[in-house]
Every structure is written in structure tokens, then in C-alpha cells.
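Chemist: Using only what follows, build the 3D model:
(2 chains)
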Amino acid sequence: MTSDPPGERDDSGEVTALLRAWSRGDAGASDRLLPLVYRHLRRLAAAQMRRERADHTLQPTALVHEAYLKLVDRHLSWKDRGHFYGVAARAMRQVLVDHARRRDAGKRGSGRQRVAIETADIAVPPRAIDLLALDRSLRDLAQLDERQARLVELRLFAGLSVQESAEVLGCSSATASRDYRHAEAWLRRQMRAAPA
Amino acid sequence: MTPELFRRSRELYGAAVELPPGERAAFLREACGEDEALLEEVEALLGEPESIALSDGVDAAIRTLGAAAEGTMVGPWEVVREIGRGGMGTVHLARRADGAFERDVALKLVAAGLDSEDFLERFRRERQILASLAHPNIAALLDGGTTPDGLPYLAMEYVDGRRIDSYCREESLPVPDRLKLFLAVCAAVQHSHRNLVVHRDLKPSNVLVTKDGTPKLLDFGLARLLGAGSGAERTATGLRALTPAYASPEQIRGDAVTTATDVYSLGALLYVLLADRPPHPSPESGDVSAVLNAVLTEEPDRPSEAAPGARIPPDLDAIVLKALRKEPDARYGSVDQLARDVERFLEGRPVAARRGTAAYRARKFARRHWTGLAAASLVVVSLVAGLLVANGERRKAERRFEEVRRLANSYLLEFYDAIRDLPGSTAARELVVKRGLEYLDRLSREAAGDRALTRELAEAYQRVGDVQGNPFQPNLGDLRGAVASYHKALALLEPLVASPGATDSDRALLAKASLVGGGILATTGASDEALDLQRRGVALRQALADAAPSDRTRRSDLAQGLGMLGFDLVGNGKAREALEPLGRQESLLRGLLAEEPGDVGLRRALGRSLLVTGEARQSLGDATGAGRVLGETLAIQRALVKERPLNPLLKQDLAFTLGEFATSLSESGQAPASLAASEERLALSRELAAADPKDAAAQLAVAFSLHSVGEALVALDRPEEALEEYAEAERLYDRVIAADPADTWAALHRAWLDTTKGRARDLLARRRSGAVAAHERARACELFGKSAAALEDLDRRGQLPKIKRSYLDDARGERDTCGGRATPADR
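Modeler: You can find the predicted model right below:
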């Protein structure tokens, strides 16, 4: 195991402090928390993609969990931890969107051998969705219902279950489950209706 | 959208989505009232397919992100950027990171999540194949290995080039130069053929031309070693991954792939290089099935017609078309021959392609009558195309319903009707059944609560069950599968008929499923459940007929049901009970025939009805009565076979009756007449079996016929000839049982065969003396013992129908008295 990236220890204390401040009603705490968690997740993601992990794949749930273990004091209340997951889901979403953007930018320059492998194959397993379109549609959803958009974030980018998401958001799991199903249909249509 | 509209639509969506699809529209109309915008919004959301979870889509997107990451290390290679992506994974431009030497490679990775055995196998095969090839026109394998987590990768020569077709177009290459380029591709393919590798996926995008004009063949991802790989692999991979416009007819059909397949694809490639479009271009609609169909059935335009401006000479037309022949053996015998003909053209000599044209036409004409395969292939193609649609994104819930309807009423029904009277189609049917079942199982999980969909599904299951193992028609001999399909149909229909909204057509469907399903069950030996099902089916049909006395169809359905019940009652040792339904059937049929005297179906039904009555009387000991009805049956059936000589079902009927007739004759001591009937039956059975060697029922019928010819010969004291018939019967029984161990009917007769063989040996023993006689007798005793043991075993498992109990009694009798008959010398 390699040593922790530099600066991590400091972040850890700060994240816990900010979470506590947030609980006490400090509205600015969440704004300061997001860039911190984002920076950390990005670092973890980069490490994972390079050589510390073998599968060259981002695993948002694992990353968020890893960040949690490293950044958050175990003695925090559930409510504070919920706040953390909310922020981490948002940050993870941002990490993924950044990756997708960089990937797309990198592709533009390489016209040549691209054609070598045509996607003429008739059936390709699970259809990947366009992360950038999802990001835009999630922003549209947040305009209409902030909480519903956060529910989707928690499920997709922090890997929380319906039950866990409901607890973080302070609603019943029946509501969360219904809203999530609706959001899936709504987002799917939105992504198709407003292409890049 | 206003937040108010959004909130209300979310609420209504939540309520509507819990309802069965059929009830949603009414609910929404009421709930939305005049609010059209609201109605439209909720309907649009309900129309969104739920098949793929958003989270799976995100996971898939993340996997492709991860695989594309620049800076990733794979072995000694550092990824620079992604350059391609396909069904298997991604291809990246990569660079040697340890500075050992400066070289760009194309790094091929399996996408994480796609690491199923199937994909890994394809990948390993590609690596193995590439390692065996070294040719200047094949992109070389430089390195291969496994990532630390066990996924394989390939580092290939990086080809910085253009697709061969774009290259020819953009450089405005003259025809001779295009041909030289093509010859270099042929050389690469020849090299791989010499190494026993078939590429299977030759197409313009797999041939890149470098700046210095060298073509390089890429992507052996679908390639296969000749002689390796199972048949299943062939169809599965073949269908999923092929590129329709360049695939050969045999690939589309799922037939064996040989070097002739590459000859075809090279022909298609040459076509593109000359005419600048593929031989079978995709229509505007992008309809895959249209291309597949065209490849199978349509002659391509001559390249000169496809590109009138290019002035393609007739000799080149002939070369291209010879490579593109539908029948593999009508093409060039090898890539070498194709290349030589192109060279001959370049040298201005006559080409071989134009010589064989007349013979080719004649052969084609001769084959034209062979419509069976074409019809079968077409259905497979449309079915596969249908499934592809199903796999894609489905816009509306109704689409699903439409698909079941099409599967049930179009694919399976059309397919079935197209081939039911056509011999030689069993292999094609097996493929349709497999695919059909997978699809139906998936759909029935989503059908809950939707009446129309449930009905369609039940019908589709029945059709599949019939093809699998309905013993009353040509089938695949898969009794277990047939019973399972029918149980699925019944499980769908029972609640439908029990519910308050049940209709006559629901009841008719349940009646049919009960009767046919019962009939199939009876064949497996589960007689109580079978007879109960059939009694229920008859009761349902009786009620339907009573409710509409002038309805001919309902009366004839009732007659049919009575006949099926009667048949299985007789088969299960309840002959006396069978006479009542059979009598009712006979008078119903005679009544219907009086209204419509020539009707083939009704005559056939009457023949069968009388036959079963004859069988019932026979087993009740009424030989005279049996002889009378069987005589009338034979008269009806012989007339039908004469009128419709191509219909195998009518021949089957006659063959079966002849068997019963022969038994009846032999039991009343008329051995020569019995032998004649058995031999007539054997001839008919052989005709039927030769027409479709995979039809289990037809094989079994030949075995039964041989068996009874043998018995008649023994009765006439001709044991040597009998033993020859028995030997052939034994081989056939064993083959049928090996294909379907659940076929107890075959097992039963196989067991009984040993007793009849023993009797023939015993007869031989009596004619001989001394050691020869002793030897024959010992073999007879051994056979009796084996036969009795096998029958006892069947009996213990409840697989010995009452009507065939006499087999067991006879076998035991022979076994128990055999020792006493032995000469003292044996002991």
C-alpha cells in the first residue's frame, strides 16, 4: 500500500469540522465542503485509474466510501454522515463529468484509425448513457425539484440504496422509491429531448 | 414546464405506473379531465422504456470512461488515447513506456464488465490466431498479455491508414490499381487460410491502407480456426457479431463457415472497390432484416449496373458475381482461384468466371424446387430481426404487446405453417424454438395483469410446445420441453378463465391447451393428470358448443376433443370408458360431413376416430367389431393419401392404421395378411422418415414398423429374416432414446423388442440341435431376462401404460419358463 496523498490528513480534520458546522446551521459550511471533497475524490479517482488499482475503472461507490473512511471522523452523527454523502455524491458526479469531457476532447483529434473498429455489431451489452447529457438533465430536474435531483445523485453517484437515500433526505422510503422511478423516466426523456 | 405541472404529473405517474398497462389510459383520462398538457406529459413518461435501469447505464458509461483513461499502464504500454470502440472493448493508441524502443501500438482491451467467458474466449482466440500469422499485409501482433486483474490485452502493429474504400475513392485510383490493392488483400487472406484461419469478418473497415499504399488486414476478432468450435458457438457468435452487408448467406443462416465464406466477403469487398457501394446496400430505414433477406435471396446488381459511370468490364462483373454466389460450392474454390482470375483479367486473358455460367444457371434452376431451406431461413432471419428490435430501446409498452403478437402469430405461425408439410426442416425449427422460448420467458415476467398480452403469450407457448414435442405432428422429440411449455401456457390461462371478465375465447383457449397439453402429458406416462386435463377440456368445449348449436366450428372442436380424450383413455387401459366419447365423436363428425361431404379434415378426423374405436374394441376382445371399423378406416385413409400424396400427415395416419390392422390380423391368426399390412406400413414409414431424418416421431414409426414386420415373420416361422428387421429396429430405438431419454414410449418398445428377439432366437434353437441350439437358447433366455427387467423398471417408475401391461406379463412368462425349456446340455 502506498502512503496517503499529501494533504490528506489536514483535509480529514477540516471535513469533519465543516460537517459539524453544517449541522449547527452554518450555511456556508456546505459550500466550503464541496470543493474539498471534490479534490479528494479526484485524487482517489486518478490513483485508481493509474496503477494502484488494476481494473482501470472508476467505481464511484467504492471511491465515495473510501473518501468517507479517510475524511470523516467515525464518531460523527448519522445526520452529519448523511450530509457528507450528499456532498460526496455531488462531487463524484463532477469528477465523472470532468472525465467524460476530457475524453470527448481527446477524441476529436484522432480521426484516423477510429474507423478500424466499427460499432457495426448488432447487439452490444448494456447501453452506456451519455454522462454529460445526464448531468445537464439533472440540472434541469433540480430546477423543478431540488430534492428529487439530489435523490438521483445519491443513488447513482454515491451508490446509496433507496432506504439510505431516504434517510439522508429525510423522507419516507416509499416516497423516495416513487420519486426515483419517476425521475428515471423523466431523465430518460429529457436526455433524449435535449441532445448535446 | 411549470413546477406545478411537474408536481401533478409526478403524482399521476406514480399512481398510473402501478396499474396494468391496459387500464392506464382510462385512469388518466379521468384524472386529467380537460388538462391536455398534463395528460400528454404523463403519457410520455409512461411510454419511456423501463428495460434498462439508469444506474446500469451510468455504470456502463463509467466503464468506458475508465477504459479510455490516458496514462493508464497496461503491461509495458502507456495509453495515449482511445482510437476505437466495438462490441468487445476498446482500442487505444499506446506507447512503450520503459523507453526500450519507440513504437506506437494499437492496444486492444476488453472493456471491464464485458469480461464474460464468451468475450474472453473470443479474445484468447484472436490472440492465438494472430500469433500464428506473419504477413506484410496483416497487422502484426507485437505483444499480448494479461492485466493484473486477469483481463487479456493485445498490442498490435498500429496502422496509420485509411479504409481501403475511402482510399480508392479519395485517391481516384484507376481500376487496375484497385485490383492490385485487392490482390494484396487476397494474399493476406490466403496466408491465413494456409494457417487454417478463416477471418469471417472481411469488410472495408477491416482493411486499412497506409501512406505508402500497403493494405493491412486488421481485426481477427471473429476469426476462427478451421475445424474448431462447436455448432452452438457458430450460430451464437455468428449472428450477434456479423456485419450484414458483408456477411455470407451461410453466416446469416448459421451454417458451417469455411474458407468459402471469406471468398464471398472478398467478393463483396471487390464489389465495393469497383462500384463504390456494397452488393446489398442498407435501405434508408436502416432495416437490418432487409439486408439479411437480400443477402439470402436476392442476386446483387452487376457492379457495372451499380456504377454505370465506372465502365466496369463484363469480365470483372463475372468475377465478382462468381465470388458472391449464394451456394458456397458455386463460388471460387479458394481465394487463390479468385486471385488468379483477377490476375488473368489484369493480363487480358479470358477469365474462368465466365466459363461456368451456363452450368451455374442449370444448377441453380435444379435447386430452385428446394424451397424448404429458403423458407426456413427467411423465418429465422425475420425472427432474429424481431429479437433485435426487442433488444433495442422500446418506446412504448404497447410495442411489447405488438411483438408478442408478431412472435406468436407471425414468426412461429408462419414459420410453422411454411414448414409443417415440408420435410427436412428440423434443424431450423430447433433454432426458432430456442430463441422463441428465451423471448417468451422474458416477456411473461412483464405480462402480469394484462389480459390480451397473457392470451397471446399462452398461445405462443403452445405453439412452441407443439414444435418441441406434440406427438400428433412432426416435432423435435423434446417431450420434457413440450410439457414445460404447456404448463406455462396453462398457468397463464387458468387465472384468466377463473376471473369475472372471462370470455368464450379465453375458455376456448384453455380447452385447447388442456386437451393438447393432456395429450402430450399422456405420452410421458403421467396419465391421471393427463386424463383430468382432457376431461376438463372436453367439458369446456361441450359448454361452448351447447351455447351456439349452429356453430360448425364449435361442434368440430368438440368432436376433436372427444377424440383426443378417447385416444388417451384407450392408451391408458380404459377402453370401455373410451367407447362413449368415441361414439359421440363419430356421430358429430358424420353430421358435419353430411353438410360438407368432401372435407379432407373431417374425413381424416373420422378415419382417426374409427381407428381408435377399433383399437378400443380390439383391447376389449371384440376382434370382429375391430376388423369392421378398421376396414372402413383404411378405405378412408387410402383415398386421402391418393388424393394428397404430398401430405405426410395423411401418410402417417395410414401407416398407423396399417399397424393396428396388422395386429388385429395376427391376433386372429391371419399371419400372411398381417405381414402384408406391416410391410405396406414399413414402406410408408420409410418414405416419411427419409423426408426428415431428424423428426423423432418419424424414426420411431419406422422402428415400430420394422418391429411388427419381424413379429409377422416369426409367426410365419421365418426367424432369420425377423432378426434382421429387429436389428435395424434396435438401432433406431436406441437413437431416439439417446436424443430424448424422457421418451418412455420408445423405451417401452425397446424393452419389449428383446422379448421378441428372444422369441426369434428360441425359434431358431428349436430348428437346430446340439451346441448351436443350446447357444441360441441361452441367448434367448438372456434376452427374456433383460426385457423383463427393463419393463419392470419402467413399471416401477409408473411409465408402463396399462394397455401395454401385456408386454411385461409376456416377458416375465418367457423368462420364467425359459430355463425349463433349456436342454439338459445347457446346464
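
Chemist: nearest residue to A:Trp22 other than its sequence neighbours?
Modeler: A:Ala29 (4.0 Å; CB to CB, 6 or more residues apart in numbering or on different chains). C-betas here are computed from N, CA, C, even on glycine.

Chemist: element containing the one you found?
Modeler: Per DSSP states H and E: A:Ala29 is located in helix A:28-47.

Chemist: List the contacts of the helix or strand following that helix.
Modeler: Following helix A:28-47 in sequence order, the next helix or strand is helix A:60-71 (DSSP H and E). Outside helix A:60-71, the residues that touch it by CB atoms under 8 Å, 6 or more residues apart in numbering or on different chains are A:4, A:8, A:11-12, A:15-16, A:37, A:40-41, A:44-45, A:48, A:81, A:84-85, A:88-89, A:92, A:95-96, A:156-159, B:62.

Chemist: Inside strands: which ones of those residues?
Modeler: Among the contacts of helix A:60-71, no member falls in strands (criterion: DSSP state E).

Chemist: Which of the residues you listed fall within helices?
Modeler: Using DSSP state H, the members of the contacts of helix A:60-71 that fall within helices are A:8, A:11-12, A:15-16, A:37, A:40-41, A:44-45, A:81, A:84-85, A:88-89, A:92, A:95-96, A:156-157, B:62.

Chemist: Could you pick out the buried ones from those residues?
Modeler: A:11-12, A:15-16, A:37, A:40-41, A:44-45, A:81, A:84-85, A:88-89, A:92, A:95-96, A:156-157, B:62 (16 or more other CB atoms under 10 Å in any protein chain shown).

Chemist: Count the residues that sit near B:Glu305.
Modeler: Residues near B:Glu305, counting by other CB atoms under 10 Å in any protein chain shown, number 11.

Chemist: hang on, it is in a helix, isn't it?
Modeler: Yes: assessed with DSSP: H, G, I helix; E, B strand; the rest coil, B:Glu305 lies in a helix.

Chemist: Can you pull out the low-pLDDT segments for chain A?
Modeler: Residue ranges of chain A with pLDDT under 70: A:1-12, A:46-58, A:74, A:78, A:102-128, A:194-196.

Chemist: Please repeat the previous calculation with a cut-off of 90.
Modeler: Applying pLDDT under 90 to chain A flags the ranges A:1-133, A:155-165, A:167-170, A:188-196.

Chemist: domains for it, by residue range?
Modeler: The record's domain split for chain A, according to automatic domain parsing, is A:1-105, A:130-196.

Chemist: Could you check the shortest one against chain B for contacts?
Modeler: Okay, so that is domain A:130-196. Yes: using CB under 8 Å from any CB of the partner chain, domain A:130-196 reaches chain B at A:130-131, A:134, A:144-145, A:152, A:155-157, A:178-179, A:181-182, A:184-189.

Chemist: Need the phi and psi values for B:Asn195.
Modeler: B:Asn195 has phi and psi values of phi -100, psi 20 when expressed as degrees, to the nearest 10.

Chemist: was I right about it contacting B:Ala134?
Modeler: No: at 9.3 Å, B:Asn195 does not count as touching B:Ala134 under the criterion of CB atoms under 8 Å.

Chemist: Please say which of these two ends up with more neighbours.
Modeler: B:Asn195 (14 against 11).

Chemist: Could you check how far the more buried one is from chain A?
Modeler: Counting by CB to the nearest CB, to the nearest Å, the gap from B:Asn195 to chain A is 22 Å.

Chemist: do the same with B:Thr613
Modeler: From B:Thr613 over to chain A the distance is 54 Å, taken as CB to the nearest CB.

Chemist: and that residue, what helix or strand is that in?
Modeler: With DSSP H and E as the test, B:Thr613 turns up in helix B:600-619.

Chemist: what helices or strands is the helix or strand following that helix leaning on?
Modeler: Using DSSP H and E, the helix or strand that follows helix B:600-619 in sequence is helix B:623-643. With contacts taken as 3 or more CB pairs under 8 Å, 6 or more residues apart in numbering or on different chains; DSSP states H and E, helix B:623-643 sits against helix B:600-619, helix B:648-667.

Chemist: What are the buried residues along helix B:623-643?
Modeler: Under the neighbour-count criterion of 16+ other CB under 10 Å, helix B:623-643 has B:626-627, B:629-630, B:633-634, B:636-638, B:640-641 buried.

Chemist: picking that back up, please list the members of the residues of domain A:130-196 next to chain B that lie in helices.
Modeler: The helices, defined by DSSP H, take in A:131, A:134, A:144, A:152, A:155-157, A:178-179, A:181-182, A:184-189 from these.

Chemist: Contacts only, for the closest residue to B:Ser248 other than its chain neighbours.
Modeler: Distances taken as CB to CB, 6+ apart place B:Tyr264 nearest to B:Ser248, at 3.8 Å, with adjacent residues excluded. By CB under 8 Å, 6+ apart, the contact set of B:Tyr264 is B:248-249, B:323-325, B:328, B:331.

Chemist: which one of the residues you listed is nearest B:Asp754?
Modeler: B:Pro328 (45.5 Å; CB to CB).

Chemist: and the residue in the stretch 601-750 of chain B that chain A sits nearest to, how many neighbours?
Modeler: Nearest to chain A, among the residues of the stretch 601-750 of chain B, is B:Lys694, at 28.2 Å (CB to the nearest CB). A total of 18 residues lie near B:Lys694 under the criterion other CB under 10 Å.

Chemist: before we move on, what about B:Pro471?
Modeler: B:Pro471 has 18 nearby residues by other CB under 10 Å.

Chemist: Over to B:Ser666?
Modeler: Other residues lying near B:Ser666 total 21 when counted by other CB under 10 Å.

Chemist: how near is it to B:Ser705?
Modeler: Per CB to CB, to the nearest Å, B:Ser666 is found 14 Å from B:Ser705.

Chemist: can you tell me the helix or strand for the residue of the stretch 601-750 of chain B closest to chain A?
Modeler: Secondary structure from DSSP H and E places B:Lys694 outside every helix and strand.

Chemist: if I look at it, how far off is B:Arg759?
Modeler: To B:Arg759, B:Lys694 is 32 Å away according to CB to CB.

Chemist: Same question for A:Leu76.
Modeler: As judged by CB to CB, A:Leu76 and B:Arg759 stand 90 Å apart.

Chemist: Neighbour count for these two, which is higher?
Modeler: B:Arg759 (22 against 18).

Chemist: Kindly confirm my reading that that one is in a helix.
Modeler: Yes: B:Arg759: assigned to a helix according to three-state DSSP.

Chemist: residues contacting it?
Modeler: Per CB under 8 Å, 6+ apart, neighbours of B:Arg759: B:714, B:780, B:814.

Chemist: so which strand or helix has the last one?
Modeler: Okay, so that is B:Glu814. For B:Glu814, the element it lies in under DSSP H and E is helix B:805-821.

Chemist: quick one: contacts of that helix?
Modeler: Applying CB under 8 Å, 6+ apart, the contact partners of helix B:805-821 are B:573, B:748, B:751-752, B:754-755, B:758-759, B:762, B:777, B:780-781, B:784-785, B:787-788, B:791-792, B:795, B:800.

Chemist: Alpha carbons of it, as CSV, please.
Modeler: Taking C-alpha atoms only, helix B:805-821 is exported to CSV below (Å, rounded to 0.1, in the frame of the first residue of the first chain):
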residue,chain,number,x,y,z
ARG,B,805,-49.0,-54.4,-19.4
SER,B,806,-49.3,-57.5,-21.5
TYR,B,807,-45.7,-56.8,-22.6
LEU,B,808,-44.5,-57.2,-19.0
ASP,B,809,-46.6,-60.3,-18.4
ASP,B,810,-45.4,-61.9,-21.6
ALA,B,811,-41.7,-61.0,-20.9
ARG,B,812,-42.0,-62.5,-17.4
GLY,B,813,-43.7,-65.6,-18.7
GLU,B,814,-40.9,-66.1,-21.2
ARG,B,815,-38.2,-65.5,-18.7
ASP,B,816,-39.7,-67.8,-16.1
THR,B,817,-40.3,-70.7,-18.4
CYS,B,818,-37.1,-70.3,-20.4
GLY,B,819,-34.9,-72.3,-18.1
GLY,B,820,-37.4,-75.2,-18.2
ARG,B,821,-37.2,-75.3,-22.0
